[in-house]
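In: kindly return the folded structure for what I paste below:
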Amino acid sequence: MEGRQAVRELLVAGIRPTHEVVIAAGQNHSGMLAQIVELAGELRVPVKEVARSKFEAMAVTEAPQGVLARAAPLAERDLDDLARGAPDRPAFLLVLDGVTDPGNVGAALRTAECAGVTGAVLGRHRAAHITPAAAKAAAGAVEHVPMAVVPGVPNALSRLGELGVWTVGLDVSAPTAVYDMNVAAEAVALVVGSEGRGLSRLARQRCDVVVTIPLAGRLSSLNAAAATAIGCFEVARHRPRPAPPS
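Out: Here you go, the predicted structure:
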């Protein structure tokens with residue numbers, strides 16, 4: 001995990017063991033960096049300060065913000081479990097179909113978490129997974145959004161349908177606007193396609209509803225993260241706001 005927000009949320013969530021926090025030397029230990037050091041101390045996680053040159057050799061993202069953490073891998077969840085939703089509300093899932101840019105995956109998960117999704121579904125093949133770059137872009141959302149990694153998105157959509165979850169695909173050529181979908185308050189999975197080709201043919205066929213985001217400018221499409229933001233908050237608009245965490 002790299003980046004201040006991502007490392008802070010890793011420690012705050014406490015869902016998976018953190019082995020160590022590494023900080024580049026020469027930084028002012030204030031603000032979020034001070035919070036990270038304090039949280040690590042409370043959790044008895046070792047904090048190691050290393051020369052900036054060594055830190056940069058350890059980091060794999062372009063802007064790790066002077067801090068990284070080594071932690072246990074994220075646990076994968078079962079698709080059937082995600083379909084059950086949360087105790088206080090029906091399932092609200094984000095399904096990413098072939099999104100290959102880790103930055104878009106991370107940004108989409110960050111937006112989805114803020115909109116109140118109860119889980120996310122990623123394809124195992126020909127798609128970006130939760131790399132350090134994706135986790136940094138997610139700014140800690142990976143600690144709070146349960147995720148299932150499935151062999152094939154189309155089959156996962158069929159299974160969600162069997163489990164009573166409406167699948168809603170975003171597609172630029174759909175005849176219905178996202179603002180007119182009538183299943184947002186039900187158990188629902190929003191399906192977002194790749195940056196270039198959008199939804200795959202099979203994924204589009206398996207969706208119960210296909211909607212579009214009306215565009216008024218000269219460009220013909222939005223990137224995956226921007227489309228996710230509009231779609232997720234349109235779903236959220238129709239659902240009760242979940243209680244804040246205690």
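In: which residue is nearest the centroid of this protein?
Out: Most central residue of the chain, judged by C-alpha distance to the mean C-alpha position with Cα atoms, centre = their mean, is Leu109 at 1.9 Å.
In: so what's that residue scoring on pLDDT?
Out: In the prediction, the pLDDT value recorded for Leu109 is 97.
In: next one: Arg241
Out: Arg241 carries a pLDDT value of 75.
In: can you tell me the helix or strand for Lys136?
Out: When elements are assigned from DSSP states H and E, Lys136 belongs to helix 132-138.
In: what's that helix in contact with?
Out: Contacts with helix 132-138, where a contact means Cβ atoms under 8 Å, 6 or more residues apart in numbering, come from 1-3, 6, 60-64, 68, 102-107, 109-110, 113, 128, 130, 142. (C-beta placed from N, C-alpha, C; glycine too.)
In: next step: those restricted to helices.
Out: Judged by DSSP state H, the contacts of helix 132-138 include Ala6, Pro102, Gly103, Asn104, Val105, Gly106, Ala107, Leu109, Arg110, Glu113 as members of helices.
In: low-confidence regions, this structure specifically.
Out: Low-confidence segments of the chain (pLDDT under 70): 242-246.
In: can you show me the helices along it?
Out: According to DSSP H, the helices that the chain contains are 4-13, 31-42, 52-58, 79-83, 102-115, 132-138, 153-162, 201-206, 224-237.
In: those helices: which one's closest to Val172?
Out: helix 224-237 (9.1 Å; Cβ to Cβ).
In: which other helices and strands does that closest one contact?
Out: Using 3 or more Cβ pairs under 8 Å, 6 or more residues apart in numbering; DSSP states H and E as the contact criterion, the neighbours of helix 224-237 among helices and strands are strand 92-97, helix 102-115, strand 166-170, strand 188-193.
In: what are the buried residues along the shortest one?
Out: This means strand 166-170. Trp166, Thr167, Val168, Gly169, Leu170 (16 or more other Cβ atoms under 10 Å).
In: the third one and Leu190 touch, don't they?
Out: By that I understand Val168. Yes: the criterion here is Cβ atoms under 8 Å, and Val168 meets it with Leu190 at 5.5 Å.
In: mind listing the shared neighbours of these two?
Out: The contact lists of Val168 and Leu190 share Gly231, Val235, where a contact means Cβ under 8 Å, 6+ apart.
In: bridged to the residue lying closest to Cys207 once chain neighbours are set aside, which residues?
Out: Once its chain neighbours are removed from consideration, Cys207 has its nearest residue in Gly169; the separation is 3.6 Å (Cβ to Cβ, 6 or more residues apart in numbering). In this structure, Gly169 bridges to Val191, Val210 when assessed by DSSP bridges.
In: roughly how far apart are Gly169 and Val188?
Out: In this structure, Gly169 lies at 11 Å from Val188, with Cβ to Cβ, to the nearest Å as the measure.
In: do Ala115 as well
Out: In this structure, Ala115 lies at 12 Å from Val188, with Cβ to Cβ as the measure.
In: list the contacts of the residue lying closest to Ser221 once chain neighbours are set aside.
Out: For Ser221, ignoring the flanking residues on the chain, the nearest one in space by Cβ to Cβ, 6+ apart is Val172 at 5.5 Å. Taking Cβ under 8 Å, 6+ apart as the definition of contact, the neighbours of Val172 are Gly198, Thr212, Ile213, Leu215, Ser220, Ser221.
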